[in-house]
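> Generate a structure from the sequence data that follows.
(chains A, B, C, D, E and F)
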Protein chains: 6
Amino acid sequence: MVSGIKEFEAYRAKMNDKILGSGHLGIKRFFNLDTMCYQGGALDARTKELLGLVASCVLRCDDCIDYHLIQCVRLGFTDHELHEALNVALVVGGSIFIPHMRHAFETIEELRELEANGGLPQM
Amino acid sequence: MVSGIKEFEAYRAKMNDKILGSGHLGIKRFFNLDTMCYQGGALDARTKELLGLVASCVLRCDDCIDYHLIQCVRLGFTDHELHEALNVALVVGGSIFIPHMRHAFETIEELRELEANGGLPQM
Amino acid sequence: MVSGIKEFEAYRAKMNDKILGSGHLGIKRFFNLDTMCYQGGALDARTKELLGLVASCVLRCDDCIDYHLIQCVRLGFTDHELHEALNVALVVGGSIFIPHMRHAFETIEELRELEANGGLPQM
Amino acid sequence: MVSGIKEFEAYRAKMNDKILGSGHLGIKRFFNLDTMCYQGGALDARTKELLGLVASCVLRCDDCIDYHLIQCVRLGFTDHELHEALNVALVVGGSIFIPHMRHAFETIEELRELEANGGLPQM
Amino acid sequence: MVSGIKEFEAYRAKMNDKILGSGHLGIKRFFNLDTMCYQGGALDARTKELLGLVASCVLRCDDCIDYHLIQCVRLGFTDHELHEALNVALVVGGSIFIPHMRHAFETIEELRELEANGGLPQM
Amino acid sequence: MVSGIKEFEAYRAKMNDKILGSGHLGIKRFFNLDTMCYQGGALDARTKELLGLVASCVLRCDDCIDYHLIQCVRLGFTDHELHEALNVALVVGGSIFIPHMRHAFETIEELRELEANGGLPQM
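Predicted coordinates:
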């Protein structure tokens, strides 16, 4: 089951390379802004990553949820902290979020296995 | 201009009373869950409030943005911290969020005036 | 307060006339489909109107909510039935629906006053 | 082809157990509210299930559509009634719903086969 | 009635100044990307503006619709061309777009009056 | 990899036949409106197809994106023109669109291979 994250990671890296390889300046700058907005500043990087996670949850994008869960686990969030964030998303976003919550719990489980084996992806 | 928040606060309180006055058990329980999910636990109340703010931003609801901004200002967030949270919402949610960002900046300005006069609403 | 519905009704009629007055065939046909889909068939008109209401709620459009509430009140739904439908929307759509629930309760109150005075709009 | 529903059912049950097994009180209460809101009251259970279906359609969530279709078939809705509900969703939600309408028609077909063989899932 | 556009234009300019005046680098860069993406390149500016209009329509943001309609009128689009673009949005986005279509028709009418008087806003 | 488009094309045709085979008049008329709205008129078919693409992008529907990309490639749009349209969607819709942008780039690559082999689908 663990391979789901690894496959996502490889696909994401491959396609991002193709997107940036298109040479479109606006797209390239957007990707830079995207990276920049999660770096620590007035708010620390941990808080910002959690904001990205909850935003992805209420907008219901599994790939974005996975991306931010990887970062959150790398930044040391515990399961209980992640569940609290997912609960905020559940209340704000409603039961339509539940299928994505199932996906998020599955991803967290995979990430804990990877973590236990020292194999968390570097994104 | 300051009266915008006060009017919102009064309307919100009046209508919430009518909603809860309907005696519908499911609605009442949902309102309780909504209150409960922002209370400090594994994540502190400050972080959760910011999650609620960004979720409201990307779902583009001005009333929800105002509600969470009031709470965030009461919890001591600085303008710069709020701008960083709004910037995460801007990157995740795109330019379609910009009109709500204008609204948010106006609300923050109103709240700082109320704060300076000791008149922040208790919600 | 009752005039809110009347103003909405007048604005809606005036602008729909302008839209249909544009002579665009596709738009005209869409408006016909829109009217047709709420007429009784395999499902009765009451059920369909309620479906339109809940769809409008979870998509968070106050004008659409008002339109369907007017129709629902004309079709004889009680407050308690409407609250149950709004509760389904609340659970599915989450707390981001709450500001629209406040709006819906206000509209229902206005419609009951109009109904008591024999002044429900014919839409 | 019939196995699609069975797999969904098994995955859904397994992950819901894990979510509830997390011991998070807010999440558990939300799941209870979710179950409760479709039980018969001022509106009967059949009507509420149809409301859940159309809400899921316009919010474009295939898993939620499947869940409500299973319940709707168990509650005795005919194909023609379901098509009328899907048509309301199509008009309200637009052509962006069409891929989900394709999915819904496929699920209905699977459910009718399961029904004919006495194998409708108990959810 | 014409003053609606003028008020929007003034409010938009005032608040954008405050947002950019916050000195947040990420926000400033996003605003630059936003301006840049509508400039002529492989696609001409007229086509891009129309893309912005339809994107704003299906995401149902009146302020964004107004902004792009102002630009579209400045770029010489006829009413009939704009109606065709709005019709694409209606089909893709569904009847939930209709209230915004009413708004769009009202804005177009205002813009034609301003245009006749040589008073189209420079944005 | 090329088979992805071919499978989508076959599934789409099969299920659309079933949907239209249901004999539901409203659904049939909607499908006709959907076809009609992309035909050349005051705006040419090329421009309308691009509007459909960007609308599908910001509403984040991969199947709709694929459908419009097929049409756009058939209508002769270059990669650079398509990237510009996707960039408008990225700015308006935000980083939540990025996973769909990855999907779009993959589809464009497949379509160029099909085109080189004279095998573009006729939809």
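> Tell me, how many residues neighbour A:Leu20?
When neighbours are defined as other C-beta atoms under 10 Å in any protein chain shown, A:Leu20 has 13 of them. (C-beta placed from N, C-alpha, C; glycine too.)
> Next SSE downstream of the strand or helix carrying it?
Under the criterion of DSSP states H and E, A:Leu20 resides in helix A:3-21. Using DSSP H and E, the helix or strand that follows helix A:3-21 in sequence is helix A:25-36.
> Taking helix B:45-58 as reference, get the angle to the helix or strand following that next one.
Scanning forward in sequence from helix A:25-36 by DSSP H and E, the next helix or strand is helix A:45-58. Inter-element angle recorded for helix A:45-58 and helix B:45-58: 40 degrees (by axes from the mean of the first three to the mean of the last three C-alpha atoms, to 10 degrees).
> The helix or strand that comes right after helix A:45-58 vs chain D: in contact?
The helix or strand immediately downstream of helix A:45-58 is helix A:62-74, counting by DSSP H and E. No - under the criterion of C-beta under 8 Å from any C-beta of the partner chain, helix A:62-74 makes no contact with chain D; the nearest approach is 11.0 Å.
> Now do helix A:62-74: which elements does it pack against?
On a contact count with 3 or more C-beta pairs under 8 Å, 6 or more residues apart in numbering or on different chains; DSSP states H and E, helix A:62-74 meets helix A:3-21, helix A:45-58, helix A:98-116, helix F:98-116.
> Give me the contacts around it.
A:5, A:8-9, A:12, A:38, A:49-50, A:52-53, A:56-57, A:82, A:100, A:103-104, A:107-108, A:111-112, A:115, A:120-121, A:123, B:92, F:95-96, F:98-99 (C-beta atoms under 8 Å, 6 or more residues apart in numbering or on different chains).
> That helix to helix A:98-116, inter-axis angle?
Using the same axes, to 10 degrees: helix A:62-74 against helix A:98-116 is 40 degrees.
> Can you name the next helix or strand after helix A:62-74?
According to DSSP H and E, the helix or strand after helix A:62-74 is helix A:79-93.
> Restricted to buried residues, select the contacts of helix A:62-74 in ChimeraX.
To isolate the buried ones among these in ChimeraX, judged by 16 or more other C-beta atoms under 10 Å in any protein chain shown, type:
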select /A:5,8,9,12,38,49,50,52,53,56,57,82,100,103,104,107,108,111,121 /B:92 /F:95,96,98,99
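> can the helix holding A:Leu20 be found next to chain F?
Yes - Helix A:3-21 is in contact with chain F by C-beta under 8 Å from any C-beta, via A:11-12, A:15-16, A:18-19.
> That helix vs helix F:98-116, what angle?
Going by the same axes, to 10 degrees, helix A:3-21 makes 70 degrees with helix F:98-116.
> Can you give the distance from helix A:3-21 to the centre of its chain?
14 Å (C-alpha atoms, centre = their mean, to the nearest Å).
> how about the worst-scoring helix or strand of chain A on mean pLDDT: buried residues?
Every helix and strand of chain A was ranked by mean pLDDT, DSSP states H and E. The lowest is helix A:3-21, at a mean of 95. By neighbour count on 16+ other C-beta under 10 Å, the buried set for helix A:3-21 is A:5, A:8-9, A:12, A:15, A:19.
> Make CSV from those residues and add distance to chain B to it.
Below are the buried residues of helix A:3-21 laid out as CSV (distance: C-beta to the nearest C-beta, whole Å):
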residue, distance to chain B
A:Ile5, 21
A:Phe8, 19
A:Glu9, 20
A:Arg12, 17
A:Met15, 19
A:Ile19, 16
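> Which member of those is positioned nearest chain E?
Nearest to chain E among the buried residues of helix A:3-21 is A:Ile19, at 15.2 Å by C-beta to the nearest C-beta.
> Quick check: closest non-adjacent residue to that closest one.
F:Phe105 (5.6 Å; C-beta to C-beta, 6 or more residues apart in numbering or on different chains).
> Let me see the backbone angles for the residue in chain A positioned nearest to chain C.
Using C-beta to the nearest C-beta, the single residue of chain A nearest to chain C is A:Gly94, 2.9 Å away. Per-residue torsions, A:Gly94: phi 90, psi -180 (degrees, to the nearest 10).
> Close to chain B: what parts of chain A are there?
Neighbours of chain B within chain A, by C-beta under 8 Å from any C-beta: A:33-34, A:37-38, A:41-43, A:47-48, A:50-52, A:54-59, A:64, A:78, A:80-81, A:83-85, A:87-93.
> In PyMOL, select just the buried ones from these.
Buried residues among the residues of chain A next to chain B (16+ other C-beta under 10 Å), as a PyMOL selection:
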select buried, chain A and resi 33+34+37+38+41+42+43+47+48+50+51+52+54+55+56+57+58+59+64+81+83+84+85+87+88+89+90+91+92+93
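> related to what we said a few turns ago, now render the helices and strands packed on helix A:62-74 as JSON lines, adding distance to F:Lys28.
JSON lines is the format used below for the helices and strands packed on helix A:62-74 (distance: least, C-beta to C-beta, whole Å):
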{"stretch": "helix A:3-21", "distance to F:Lys28": "38"}
{"stretch": "helix A:45-58", "distance to F:Lys28": "36"}
{"stretch": "helix A:98-116", "distance to F:Lys28": "31"}
{"stretch": "helix F:98-116", "distance to F:Lys28": "28"}
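> closest to C:Leu25 out of those?
C:Leu25 lies closest to helix F:98-116 among these, at 31.5 Å (C-beta to C-beta).
> That closest one: how far from the chain's middle?
Using C-alpha atoms, centre = their mean, the offset of helix F:98-116 from its chain centre is 11 Å.
> list the helices and strands it packs on?
helix A:3-21, helix A:62-74, helix F:3-21, helix F:45-58, helix F:62-74, helix F:79-93.
> Give the other helices and strands that the fourth one contacts.
Helices and strands in packing contact with helix F:45-58 are listed as helix E:45-58, helix E:79-93, helix F:62-74, helix F:79-93, helix F:98-116; criterion 3+ C-beta pairs under 8 Å, 6+ apart.
> got the buried residues for the shortest one?
Translated: helix F:62-74. F:62-73.
> For A:His100, which non-adjacent residue is spatially closest?
According to C-beta to C-beta, 6+ apart, the nearest residue to A:His100 is A:Arg60 (5.3 Å).
> Could you do A:Arg102 as well?
Once flanking residues are discounted, A:Arg102 sits nearest to D:Met15: 3.8 Å by C-beta to C-beta, 6+ apart.
> Make sure the residue nearest to A:Ile19 is actually in contact with A:Lys18.
Yes - F:Phe105 is within contact range of A:Lys18, at 5.3 Å (criterion: C-beta atoms under 8 Å).
> A:Glu106 is in contact with the residue nearest to A:Arg102, correct?
Yes - here D:Met15 reaches A:Glu106: they are 6.4 Å apart, a contact under C-beta under 8 Å.
> How about the contacts made by the residue of chain A positioned farthest from its centre?
Farthest-out residue of chain A from its mean C-alpha position, per C-alpha atoms, centre = their mean: A:Gly23, at 25.6 Å. Residues in contact with A:Gly23 (C-beta under 8 Å, 6+ apart): none are found.
> Give me the distance between it and chain B.
Using C-beta to the nearest C-beta, to the nearest Å, one gets 22 Å for the distance from A:Gly23 to chain B.
> what does A:Asp17 give?
Applying C-beta to the nearest C-beta to A:Asp17 and chain B gives a distance of 21 Å.
> coming back round to it: and the residues of helix A:3-21 next to chain F as TSV, adding distance to D:Lys28?
Shown next, in TSV, are the residues of helix A:3-21 next to chain F (distance: C-beta to C-beta, whole Å):
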residue	distance to D:Lys28
A:Tyr11	35
A:Arg12	33
A:Met15	38
A:Asn16	38
A:Lys18	43
A:Ile19	41
